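J.: Return a 3D structure for these sequence lines:
(one chain, ligands or ions: 1)
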Amino acid sequence: MGYEFIEFEKEDKGVGILSINRPQALNALNWDTLKDLGNFIENDFPNENLRVLIITGSGGKAFVAGADIAQMSEMNDAQFKEYTNYAHKIYNLIEHSPCPSIAAVNGYALGGGCELALACDLRIASEKAKLGFPEVKLGIFPGWGGSQRATRIMGNGKAKELIYTGEMISAEEALRIGLVERVVPHDVIMEEAMKLAGLIADRAPLAVSAAKKAINKGSEMDLDKALGLEKDLIFSCFDTDDRIEGMKAFLEKRDPEFEGK
Ligand code: CAA
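T.: Numbers count the residues shown, from 1 in each chain. Just a heads-up that it's a prediction; the model follows:
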């Protein structure tokens, strides 16, 4: 793989851990770091046959502190467009991948870092994490998906409060407003992320992917169309070996062995 600014390890049960690894800048996504993340997501992620991808940050202090402000300050309009278009492309690939993803938010998740966490399916935060969108302090606003994904996850009011003020919030507050799903002690965040990933990895992968698609795509449709999509997807699940195995295992009072077929 040969990446400089990310690390990837494949653990048991097909759980992959991708760490953004630029701790000297709190894992801020400069071009090289974003390119490493993007190359992994575009080229390696689809071939790893993962059941769950966990994304986290190296160094113990930050998940990702955002886009790289020093680099952005030197960009012209065309360069900023290229940078932003690429971030959108990669975050969309994470969001729409059939593989579920968990952001293990182990410190600062700010701006483009919080937006990366929002592109993941689930967010688990360390009690030391700080989250927010400081962009308006820099004369921009969360434009790597944040103004759209935050509103869909937290509702307009809370998203506007966070985005207009640029204030950071604690992990507990993020939990209260639905920006993260779980808060855990800092020292055990990876253990807890692995436990959550392990639970998902034990389930029928095609069913989990179908549920992801039904929720993600369905929430963008009107209810009639969304219910139609849900039916199409459950029909496709019914027609799988895993469905036969899951129901058979239940009747035989044993754990199922799913193969993703
Ligand atoms: N870009 C570039 N460098 C960054 C960075 C960023 N987003 N965040 C942190 N760093 C660098 C700092 O410049 C510093 O480098 P030096 O040691 O070379 O000076 C190093 O990381 C450590 O940071 P601090 O000394 O600032 O650490 P701290 O503990 O005092 O503060 C912090 C931590 C509150 C997170 C602070 O670093 C900070 O406010 N960072 C910026 C966060 C931010 O504004 N993010 C949004 C970026 S805009 C964006 O993401 C755009 C978008 O949506 C498209």
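J.: ranges for the helices of the protein?
T.: Secondary structure of the chain (DSSP state H): helices at 31-39, 69-74, 77-96, 112-119, 146-154, 156-165, 171-176, 189-202, 205-218, 223-238, 241-251.
J.: Check which helices and strands the longest one sits against.
T.: For helix 77-96, the contact count by 3 or more Cβ pairs under 8 Å, 6 or more residues apart in numbering; DSSP states H and E identifies helix 31-39, helix 69-74, helix 112-119 as packing neighbours. To be clear about C-beta, it is placed using only N, CA and C from the backbone, and glycine gets the same treatment.
J.: can those helices go into a markdown table with extra columns for mean pLDDT, distance to residue 213 and mean neighbour count?
T.: What follows is the helices and strands packed on helix 77-96, written out as a markdown table (pLDDT from 0 to 100; distance: least, Cβ to Cβ, whole Å; neighbours: other Cβ atoms under 10 Å):
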| stretch | mean pLDDT | distance to residue 213 | mean neighbour count |
| --- | --- | --- | --- |
| helix 31-39 | 98 | 22 | 20 |
| helix 69-74 | 98 | 34 | 13 |
| helix 112-119 | 98 | 15 | 28 |
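J.: What parts of the stretch 101-250 of the chain come near the ligand?
T.: By the rule Cβ under 6 Å from any ligand atom, the part of the stretch 101-250 of the chain lying against the ligand is 108, 110-112, 115, 134-135, 138, 140, 142-144, 146.
J.: Take the helices and strands packed on helix 77-96 and write them to CSV, including distance to residue 96.
T.: Formatted as CSV, these follow (distance: least, Cβ to Cβ, whole Å):
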stretch, distance to residue 96
helix 31-39, 15
helix 69-74, 26
helix 112-119, 9
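J.: winner for burial among the helices of the chain?
T.: helix 112-119 (a mean of 28; mean count of other Cβ atoms under 10 Å).
J.: Tell me the helices and strands packed up against that helix.
T.: For helix 112-119, the elements it packs on are strand 52-57, strand 62-64, helix 77-96, strand 101-105, strand 130-132, helix 146-154, judged by 3+ Cβ pairs under 8 Å, 6+ apart.
J.: Let's have these in TSV, adding distance to residue 179 and mean pLDDT.
T.: Output for the helices and strands packed on helix 112-119, formatted as TSV (distance: least, Cβ to Cβ, whole Å; pLDDT from 0 to 100):
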stretch	distance to residue 179	mean pLDDT
strand 52-57	16	98
strand 62-64	13	98
helix 77-96	16	98
strand 101-105	9	98
strand 130-132	6	98
helix 146-154	6	96
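J.: can you put those in a markdown table and add distance to residue 12?
T.: Rendered in a markdown table, the data for the helices and strands packed on helix 112-119 read as follows (distance: least, Cβ to Cβ, whole Å):
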| stretch | distance to residue 12 |
| --- | --- |
| strand 52-57 | 11 |
| strand 62-64 | 23 |
| helix 77-96 | 22 |
| strand 101-105 | 15 |
| strand 130-132 | 29 |
| helix 146-154 | 30 |
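J.: Tell me which of these lies nearest to residue 35.
T.: helix 77-96 (7.8 Å; Cβ to Cβ).
J.: Just the C-alphas of the closest one, formatted as CSV.
T.: The C-alpha trace of helix 77-96 is given here as CSV (Å, rounded to 0.1, in the frame of the first residue of the first chain):
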residue,chain,number,x,y,z
ASP,A,77,-9.8,29.7,-6.3
ALA,A,78,-9.1,26.9,-8.8
GLN,A,79,-6.9,25.0,-6.3
PHE,A,80,-9.5,25.4,-3.5
LYS,A,81,-12.1,24.0,-5.8
GLU,A,82,-10.0,21.0,-6.7
TYR,A,83,-9.2,20.4,-3.0
THR,A,84,-12.9,20.7,-2.0
ASN,A,85,-14.2,18.6,-5.0
TYR,A,86,-11.8,15.8,-4.1
ALA,A,87,-12.8,15.9,-0.4
HIS,A,88,-16.5,15.7,-1.5
LYS,A,89,-15.7,12.7,-3.8
ILE,A,90,-13.9,10.8,-1.1
TYR,A,91,-16.5,11.5,1.7
ASN,A,92,-19.3,10.5,-0.7
LEU,A,93,-17.5,7.2,-1.4
ILE,A,94,-17.3,6.5,2.3
GLU,A,95,-21.0,7.4,2.8
HIS,A,96,-22.2,5.3,-0.1
